[in-house]
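Q: predicted structure and sequence below. I'll ask about it afterward.
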Amino acid sequence: MDGNGRWAAQRGLPRITGHENGAAALRTVTETCCEIGVGCLTVYAFSTENWKRPPEEVHALFGLLEHFLAAELPTLLANNIRLRAIGRIHELPPTAREALHSTMERTASNTGMNLVLAINYSGRAELEDAVRSVCQEVAAGTLRPEDFTQDHLQRHLYTCEWPDPDLLIRTSGEMRLSNFLLWQLSYTELYVTPKCWPDFGREDLIEAVRDFHRRKRRFGGI
Ligand code: FPP
């Protein structure tokens, strides 16, 4: 969800106003994904590197997250959406962590789209955590190193319950992955749009999906 800060700066507004409009865009995109039958929507809301931002911005972002969860619960329930989170959630400020856990619990039995918030997430931290738990199995004697495979590692990722993403949408024109789902994106189709996230709406999402359907995916074959 990149470009909230630039969107605000272009309008002479505080950065947090950009994030507020970013949260509104997330609502629209979530509803559109539901409508068109997306099974899993994962959004990068806060990276392990985002702690380097000024404390006021970090504080405001977690406040916004809490507000978003409270405000959107009825919509999540009405649309049968299951909310999940990936990342080092145990390191979040307690009130944000509790709001997340409570929303996950309230939506746990929903059977429609999974909305996955990547918070205090990075691909490298995820791999570090996964490798650590594999090492623990080896140390405990429940896994022999010679039996270890990439499928095994995959089962230790935060995302183990979902397939790899088909499509990655990056807003604001940046041509990089920024430590997002490094393992899972191996064969994902990339779509970069110059629009900043707060301006990314229903039609933009539909255009990205149309573009995806024009791609020829070979997964290394011919
Ligand atoms: C990236 O834009 C955006 C973020 C780091 C925060 C995204 C958060 C929200 C949309 C709202 C809160 C979260 C939820 C789930 C409701 P940027 O700040 O890096 O923009 P810039 O590159 O233009 O400065």
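A: Structure received. Numbering: from 1, shown residues only.
Q: tell me which helix or strand the residue nearest the centre of the chain sits in.
A: In the chain, the C-alpha nearest the mean C-alpha coordinate belongs to residue 43, at 2.6 Å (Cα atoms, centre = their mean). Residue 43 is located in strand 40-47, with elements delineated by DSSP states H and E.
Q: contact partners for the closest residue to the ligand within the chain?
A: Taking Cβ to the nearest ligand atom, the ligand has its nearest neighbour within the chain at residue 5, 2.4 Å off. Using the backbone N, CA and C atoms, a C-beta is placed for each residue, glycine as well. Residue 5 makes contact with 15, 18 under the criterion Cβ atoms under 8 Å, 6 or more residues apart in numbering.
Q: what sits opposite the residue nearest to residue 175 when sequence neighbours are not counted in the beta ladder?
A: The shortest distance from residue 175 to any residue other than its chain neighbours is 6.0 Å, reached at residue 192 (Cβ to Cβ, 6 or more residues apart in numbering). Applying DSSP bridges to residue 192 yields these beta-bridge partners: residue 170.
Q: now stretch 15-31: how far from the chain's centre is it?
A: Its chain's C-alpha centre and that of stretch 15-31 lie 14 Å apart, by Cα atoms, centre = their mean, to the nearest Å.
Q: count of neighbours near the closest residue to residue 50 other than its chain neighbours?
A: On the basis of Cβ to Cβ, 6+ apart, the spatially nearest residue to residue 50 that is not a chain neighbour turns out to be residue 58, at 7.0 Å. The number of residues packed around residue 58, counting by other Cβ atoms under 10 Å, is 15.
Q: and for the one 4 residues further on?
A: The burial count assigned to residue 62 is 18, neighbours taken as other Cβ under 10 Å.
Q: report the secondary structure state of it.
A: Assigned state for residue 62: helix (three-state reduction, DSSP: H, G, I helix; E, B strand; the rest coil).
Q: how much space separates it from residue 123?
A: Using Cβ to Cβ, to the nearest Å, one gets 22 Å for the distance from residue 62 to residue 123.
Q: quick one: the strands in the chain?
A: 40-47, 82-86, 114-121, 167-170, 189-192 (DSSP state E).
Q: got those strands as a markdown table, with distance to the ligand columns?
A: Shown next, in a markdown table, are these (distance: least, Cβ to the nearest ligand atom, whole Å):
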| stretch | distance to the ligand |
| --- | --- |
| strand 40-47 | 4 |
| strand 82-86 | 9 |
| strand 114-121 | 5 |
| strand 167-170 | 11 |
| strand 189-192 | 14 |
